[in-house]
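*Asks:* Quick one: sequence plus predicted model below, questions after.
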Amino acid sequence: MVFIIIAGTLLPYALYVMSLGQLKPTTASLLSTIEPMVATLLSVTLLHVHLRMFQVLGILFIISTIFLISLPLERIFKKRLSDPKIN
């Protein structure tokens, strides 16, 4: 039982946390955001768990948020500020 706790939970989590320290903050935050969604999708795929509508909406919100965060907003704002038609 102790082996399962250490090898199955503590060691993988410790390796995951240590690997996040090696990444850029934006990449680490995106991976942290995506982790619950991956766990949910794995449980649906491997364990045949059924999702409710709110859970599916939550996954869609996570995906849309990650997409919005990854957009190059600096270039969009610079383009708008330099365009005389918008001002």
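*Replies:* Perfect, I can see it now.

*Asks:* And the helices in this structure, which stretches?
*Replies:* 2-5, 11-20, 25-47, 53-70, 73-82 (DSSP state H).

*Asks:* Now mean neighbour count and mean pLDDT too, for those, in a markdown table please.
*Replies:* Where C-beta positions appear, they are placed from N, C-alpha and C, glycine not excepted. A markdown table is the format used below for the helices of the chain (neighbours: other Cβ atoms under 10 Å; pLDDT from 0 to 100):
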| stretch | mean neighbour count | mean pLDDT |
| --- | --- | --- |
| helix 2-5 | 8 | 78 |
| helix 11-20 | 11 | 86 |
| helix 25-47 | 12 | 85 |
| helix 53-70 | 12 | 87 |
| helix 73-82 | 10 | 63 |
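
*Asks:* tell me the contacts of H48?
*Replies:* Taking Cβ atoms under 8 Å, 6 or more residues apart in numbering, we find H48 in contact with no residue.

*Asks:* mind checking how far the residue nearest the centre of the chain is from Y13?
*Replies:* What sits nearest the mean C-alpha location of the chain, by Cα atoms, centre = their mean, is I34, with 2.1 Å. As judged by Cβ to Cβ, to the nearest Å, I34 and Y13 stand 16 Å apart.

*Asks:* Would you confirm that the residue nearest to the centre of the chain contacts I62?
*Replies:* Yes. In terms of Cβ atoms under 8 Å, I34 counts as a neighbour of I62; the distance is 7.0 Å.

*Asks:* Now do stretch 58-71: distance to the chain's middle.
*Replies:* Relative to its chain's centre, stretch 58-71 lies at 8 Å (Cα atoms, centre = their mean, to the nearest Å).

*Asks:* now do stretch 1-18
*Replies:* 21 Å.

*Asks:* Could you do stretch 14-23 as well?
*Replies:* With Cα atoms, centre = their mean, you get 15 Å for stretch 14-23.
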